[in-house]
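J.: next comes the sequence, and after it the predicted model I'd like to discuss.
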Amino acid sequence: QVQLVESGGGLVRPGGSLRLSCAASGFTFSTYWMNWVRQAPGKGLEWVSGISPGGAGTYYSGSVSDRVTVSRDNTKNTLYLDMSALRAEDAAVYYCARSIGAGALDAWGQGTLVTVSS
C-alpha cells in the first residue's frame, strides 16, 4: 500500500534552518508529482510546494518561495524540503502528499511537527 513517512521536524530558533524528508513506498515514486502541505495550529491546510515527477519543475507558495527549496531523489524514493530563515509563522505540521498530475492530492503522510521558537 502507499506509504509516505515524513521526518526531520523539530524545534528550531527563528532564523534557523531545517530539512524535512519524506520516504515513499508502495508506488512508483518517480512517476508522481509530490507536494508539501502544512497546517499551523488552529488553521487550515496550506499548500507549500510541489515538484514534478522528474524534479525539473518546482513550485512554491508565495509565503515561502524565497526561503524553501523542494527536491527529490527518485533513486531513494525520497522527497525533501529545505527551509531557511524560519519564522514563527512557519510553525506547523508539515505533510508530504502525492498528487495526480499537478492536481488533487490523493495520499498523505502522517506529518512532522516544526516548532519555531527561541
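T.: Now that the structure is in, tell me what you want to look at. Since the structure is predicted, the reported quantities are computational estimates derived from the model, not experimental observations. Numbers count the residues shown, from 1 in each chain.

J.: hmm, Thr31 is touching Pro53, no?
T.: Yes. With contact defined as CB atoms under 8 Å, Thr31 reaches Pro53; the gap is 5.4 Å. Any C-beta I mention is one placed from the backbone N, CA and C, and that applies to glycine too.

J.: neighbour count: the two, which is higher?
T.: Pro53 (16 against 9; other CB atoms under 10 Å).

J.: and the more buried one, how close does it get to Gln110?
T.: Distance of Pro53 to Gln110, given as CB to CB, to the nearest Å: 23 Å.

J.: how far out from the middle of the chain is stretch 2-12?
T.: Relative to the centre of its chain, stretch 2-12 is centred 9 Å away, using CA atoms, centre = their mean, to the nearest Å.

J.: the residue positioned nearest the centre of the chain: which element?
T.: The centre of the chain sits closest to Trp36, judged by CA atoms, centre = their mean, with a distance of 2.9 Å. Per DSSP states H and E: Trp36 is located in strand 33-39.

J.: which SSE is immediately downstream of that strand?
T.: Beyond strand 33-39 on the C-terminal side, the first helix or strand identified by DSSP H and E is strand 45-51.
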